[in-house]
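Trainee: Here is my input; please provide its structure:
(one chain, ligands or ions: 1)
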Amino acid sequence: VEHLLSDEQFLRYLVDGYVVVEPASLTDEFHQHIYSQAAERYAEAETGVSKTPHRDVLGDVLLAKMPDLQRVLDDPAVDGALHSILDPGYFVHPHHFLHESLPGDQPFHQDGNLPWNERGHYRSHRPDWALIFYYPQAVHPDNGPTELVAGTQYWTTDFERGDEWQAGDLIDRRADRAILSEDDFEGRDRALAESLNQTSISDLDRRFICVPAGSVVVAHFDIFHRGSRTTPAADPRYMFKFCVARRVEPNGPAWRHSLNAMPDSQQVPSEFVPSSTRFGDGRPGRRLRRISAPRASASSS
Ligand SMILES: O=C(O)CCC(=O)C(=O)O
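Mentor: Below you'll find the predicted structure:
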């Protein structure tokens, strides 16, 4: 298989929780064609007959509704990255969603551990499930880039609520979300920073994903992320989200492994030590924290 990830790229994936892939076989015209189809889907969601356009028009089995999309997943560079991370034979889950960036900011969250925020299994620190984000247009600071917090893919939150569960895993369930939709940008920035600060991990690595048209991000399913707001003058920013999972147990490197290039685990260069495992003073450490560790004033909501 051409386009397998290198040792360095695979290590980056394990540390940061994502890699950006530029498809090798798709043209600008193809991405524009998909962009137009995305716009048509949103027009249909808004004016069509479906009472549940979320599921019928924007979400689930989009590959059947938009067959050309399959070319993104079949692209050698995208397939090479997925093969490297999830082993050959990985499968694409039928839950898909076409996201449009919104005029308000989303909070940091992990996607619920099954589609539509259902629960059914526990999160695993192993790279067994991935998210794919495909952006048919360029993404820049003005049209609502997705923001990721590198290294957070190994975290977990408590989701129980009595006999039920919480829908979705926000990084801070107690935070007031209203300010994220307002035009008080300082307040918005403070609220987002505080939602991370309450984890007590000091050097979290926030990254806005600004990429050329047609880029694909492959991310660990559990990475904390959010949609940032678009500006009124920007054209809609679409993103197709797919869930992908491994089918077989790994029995060796599925990426382009070279014995000489892979660092000895005792001598991992400092840039590969995830920020979320560093202590506040910058020393590398192995302490993993539950982000919902009770605070002094914690209530039982
Ligand atoms: O649109 C985006 O960039 C991210 C959307 C997202 O994470 C969500 O709605 O769960």
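Trainee: Give me the below-cutoff pLDDT ranges for the stretch 151-300 of the chain.
Mentor: 261-300 (pLDDT under 70).
Trainee: Give me the neighbour count for whichever residue of it sits closest to the ligand.
Mentor: Closest residue of the stretch 151-300 of the chain to the ligand, Cβ to the nearest ligand atom: Gly227 (3.0 Å). (C-beta placed from N, C-alpha, C; glycine too.) For Gly227, the count of nearby residues is 20 (other Cβ atoms under 10 Å).
Trainee: Chain neighbours aside, what residue packs nearest to it?
Mentor: Gln106 (4.4 Å; Cβ to Cβ, 6 or more residues apart in numbering).
Trainee: mind listing what the one you found touches?
Mentor: Each residue near Gln106 by Cβ atoms under 8 Å, 6 or more residues apart in numbering is listed here: Leu180, Arg226, Gly227, Ser228.
Trainee: and the last one, what does it touch?
Mentor: Under the criterion of Cβ under 8 Å, 6+ apart, the contact list for Ser228 reads Ser101, Asp105, Gln106, Gly144, Pro145, Thr146, Glu147, Phe208.
Trainee: Next one: the spatially closest residue to the last one that is not a sequence neighbour from Ile85, what distance?
Mentor: Read it as Phe208. Sequence neighbours aside, Pro145 is the residue nearest to Phe208 in space, at 4.3 Å (criterion: Cβ to Cβ, 6+ apart). Here Pro145 is placed at a distance of 22 Å from Ile85 (Cβ to Cβ, to the nearest Å).
Trainee: just Arg246 next, same as before
Mentor: Arg246 is 8 Å from Ile85, by Cβ to Cβ.
Trainee: what do the two both touch?
Mentor: Pro127.
Trainee: The top helix by length along the chain: how far from the chain's middle?
Mentor: Longest helix in the chain, counting residues (DSSP state H): helix 28-47. Computed by Cα atoms, centre = their mean, to the nearest Å, the chain-centroid distance of helix 28-47 equals 22 Å.
Trainee: what's in contact with that helix?
Mentor: 50, 53-54, 57-58, 66, 68-69, 71-72, 98, 100, 136-137, 213-214, 236, 238, 240.
Trainee: so where's the stretch 1-150 of the chain uncertain?
Mentor: 121-122.
Trainee: what ranges do the strands span in it?
Mentor: For the stretch 1-150 of the chain, the strands defined by DSSP state E, counting those that start in this stretch cover 18-21, 91-100, 109-110, 129-134, 146-150.
Trainee: related to what we said a few turns ago, Pro145 and Ile85: who's more crowded?
Mentor: Neighbour count, other Cβ under 10 Å: between Pro145 and Ile85, Ile85 has more, with 25 against 22.
Trainee: So the more buried one sits against Leu11, correct?
Mentor: No. At 11.8 Å, Ile85 does not count as touching Leu11 under the criterion of Cβ atoms under 8 Å.
Trainee: okay, the strands of the stretch 1-150 of the chain in a markdown table with mean neighbour count next?
Mentor: Listed next are the strands of the stretch 1-150 of the chain as a markdown table, based on neighbours: other Cβ atoms under 10 Å:
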| stretch | mean neighbour count |
| --- | --- |
| strand 18-21 | 20 |
| strand 91-100 | 17 |
| strand 109-110 | 21 |
| strand 129-134 | 23 |
| strand 146-150 | 22 |
